[in-house]
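K.L.:
Have a look at this prediction, sequence included:
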Amino acid sequence: MSAGRIATVFGGNGFVGQYVVQHLARAGYLVRVAGRRPDLASLLRPLGDVGQIAPFYAPVQDEEAVACVVKGASVVVNLVAVLGGRGLESVNVEGAKRVARLSAAAGVETFVQVSALGAASDAPSAYGRSRAAGEEAVKQYIPTASIIRPSVIFGPDDHFFNRLASLARFLPVMPVYGASARLQPVFVGDVAESIARIILTPELAEAGKTWSLGGPDILTMREIYRWILAQTKRENLLVRVPGWIATLQAAFFERLPGQILTRDQLRMLSQDNVLPPGEPGFAELDMEPNSIERCVPFYMERFRPGGGRSGIIVSKQDIITQ
């Protein structure tokens, strides 16, 4: 049914986007990968047939480029977001609004906005508030848009388990921020498949629902650190950082390149990031999400003593189809 139809994926060359692109290509869509780095999108071409995946330069801040890349598309997925800085407004809010407005003007039939669990107008973090404002902006122009709110997303190229495991390799004493905050990490392949199922099911694609996605595991940050140490076979000392010290450290770190820790990230850890009751999720999509135990140990291999980058023993192609 979808053969020959066009899907535009903003952020399609990113961590989650690559999996979404593959699912849509398998469903027969011609996929336009829209982003700031179209040269990177060329790496996605093996995920589809020859000529099926095409990269486009189309940052969400660029009115003309966005209008061009959504023209003629029947599906638009917006995955673009930033964690902090000035982009909270220009990308998470105005960017989402621009993509939705121009998609509506182009007659796009199905629109998916990927947000974040915890998005709310009264969220403690500016990030959470920006995601809520982005959702509202999308709904203003496309009331039938599907909103996807995943918890922390993990997978072979994630910046969560990989980063913590990397720190364990170099820091004999590991500071734990937000030690008691509970998270419900969700596998990247499951998030992508849920997006595809919604798009390919007309009654879901047109329902305008908000979907909350979390995996089967609920762990505190301290428990996550301990699990990573067990997987990487390390015995680092874990030290819980008091809130006032964490705030001082974040005020310093956020001024450095890379912003390894910011005060807004600490505010995100001031509350749990778990599924709220009553909102549709994997169960309504007839899906059983993958556990951390099933997926993460494969790519923790390289962080074990004596391991290296070649220690990854499962490919992206393998893990995406689980």
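P.N.:
Right, received. Where do you want to start? Residues are numbered from 1 along each chain as shown.

K.L.:
Does anything pack onto the one helix or strand residue 264 maps to? Which helices or strands?
P.N.:
Following DSSP states H and E, one finds residue 264 within helix 263-268. Judged by 3 or more Cβ pairs under 8 Å, 6 or more residues apart in numbering; DSSP states H and E, helix 263-268 is in contact with helix 126-141, helix 243-253. (C-beta placed from N, C-alpha, C; glycine too.)

K.L.:
In terms of helices and strands, where is residue 149?
P.N.:
Secondary-structure assignment from DSSP H and E places residue 149 in strand 146-150.

K.L.:
who does the first helix or strand past that strand going along the chain pair up with?
P.N.:
In the C-terminal direction, the helix or strand that comes right after strand 146-150 (DSSP H and E) is strand 153-154. Using DSSP bridges, strand 153-154 pairs in its sheet with strand 186-187 (parallel).

K.L.:
what's the strand it pairs with in contact with?
P.N.:
Contacts made with strand 186-187 from outside it, assessed by Cβ atoms under 8 Å, 6 or more residues apart in numbering, are listed as 150-155, 213-215, 289-290, 295.

K.L.:
now with 10 Å?
P.N.:
Residues outside strand 186-187 that contact it (Cβ atoms under 10 Å, 6 or more residues apart in numbering) are 19, 117, 150-155, 158, 193-194, 212-217, 275, 281-282, 289-292, 294-296, 319-320, 322.

K.L.:
all strands for the stretch 1-150 of the chain, in order.
P.N.:
Listed in chain order, the strands found in the stretch 1-150 of the chain under DSSP state E, counting those that start in this stretch are 6-10, 30-35, 53-57, 75-78, 110-114, 146-150.

K.L.:
so how far is the first one off the chain centroid?
P.N.:
Centroid displacement of strand 6-10 relative to its chain, using Cα atoms, centre = their mean, to the nearest Å, is 16 Å.

K.L.:
and it, what's its mean pLDDT?
P.N.:
Per-region confidence: strand 6-10 scores 98 on mean pLDDT.

K.L.:
Which other helices and strands does it contact?
P.N.:
The criterion is 3 or more Cβ pairs under 10 Å, 6 or more residues apart in numbering; DSSP states H and E, and the helices and strands that strand 6-10 contacts are helix 17-26, strand 30-35, strand 53-57, helix 63-70, strand 75-78, helix 94-105, strand 110-114, helix 188-200.

K.L.:
could you dump the helices and strands packed on helix 263-268 to a markdown table with mean pLDDT, mean neighbour count and distance to residue 11?
P.N.:
Written out in a markdown table, the entries for the helices and strands packed on helix 263-268 read as follows (pLDDT from 0 to 100; neighbours: other Cβ atoms under 10 Å; distance: least, Cβ to Cβ, whole Å):
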| stretch | mean pLDDT | mean neighbour count | distance to residue 11 |
| --- | --- | --- | --- |
| helix 126-141 | 98 | 22 | 13 |
| helix 243-253 | 93 | 14 | 26 |
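
K.L.:
could the strands of the stretch 1-150 of the chain go into TSV alongside mean neighbour count?
P.N.:
TSV is the format used below for the strands of the stretch 1-150 of the chain (neighbours: other Cβ atoms under 10 Å):
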stretch	mean neighbour count
strand 6-10	28
strand 30-35	27
strand 53-57	20
strand 75-78	28
strand 110-114	26
strand 146-150	24
